[in-house]
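Undergrad: Pasting a predicted model and its sequence here:
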Amino acid sequence: MKTKSFVLARVLMTLAAVVIAGSSSVFACPMCFGAEETSMIDGTRLGILALLAITLAVQGGFVGFFLYLRKRAKRIADIDLDNEWSELQGGASRTS
């Protein structure tokens, strides 16, 4: 069982980490933090857009592939149903 001092120390360490890491200057690099529009920022934005485009293209390919598989499965099921129906119709005409 945890003692009160251990829990208190853990809470204080968590609080200290939040205070230290909570300032906004920690989250940005010196070049981006307060920098004006430079070619480095433009390049970073273009890189992010390129990565997003590639990700969306790959996901779109997966969606297209699964839609193709669904369409193909429906077509094969329809062909199987037509074949089975034709066999049943052919069998019924031979008995009469």
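TA: Looks like it came in fine.
Undergrad: Sketch out the helices for this structure, chain order is fine.
TA: Using DSSP state H, the helices of the chain run over 4-21, 39-95.
Undergrad: where does the chain have its least confident helix or strand?
TA: helix 4-21 (a mean of 81; mean pLDDT, DSSP states H and E).
Undergrad: circling back to that earlier point, how about the helices of the chain in JSON lines, adding mean neighbour count?
TA: For every residue, glycine as well, the C-beta is placed using N, CA and C. Formatted as JSON lines, the helices of the chain follow (neighbours: other C-beta atoms under 10 Å):
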{"stretch": "helix 4-21", "mean neighbour count": "10"}
{"stretch": "helix 39-95", "mean neighbour count": "10"}
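Undergrad: looking at those helices, which has the lowest confidence?
TA: Within the helices of the chain, confidence is poorest for helix 4-21, with a mean of 81 (mean pLDDT).
Undergrad: gap between it and the chain center?
TA: With C-alpha atoms, centre = their mean, to the nearest Å as the basis, helix 4-21 stands 35 Å off its chain's centre.
Undergrad: And for stretch 43-61?
TA: Taking C-alpha atoms, centre = their mean, one finds stretch 43-61 lying 13 Å from the centre of the chain it belongs to.
Undergrad: Kindly report the same for stretch 78-95.
TA: With C-alpha atoms, centre = their mean as the basis, the mean position of stretch 78-95 lies at 45 Å from the chain mean.
Undergrad: Report the separation between the residue nearest the centre of the chain and Ala53.
TA: Nearest to the mean C-alpha position of the chain, by C-alpha atoms, centre = their mean, lies Gln59 at 7.8 Å. Gln59 sits at a distance of 11 Å from Ala53 (criterion: C-beta to C-beta, to the nearest Å).
Undergrad: What of Tyr68?
TA: 22 Å.
Undergrad: What of Leu12?
TA: For Leu12, the distance to Ala53 (C-beta to C-beta) stands at 46 Å.
Undergrad: Please apply the same query to Ile76.
TA: Distance of Ile76 to Ala53, computed by C-beta to C-beta: 35 Å.
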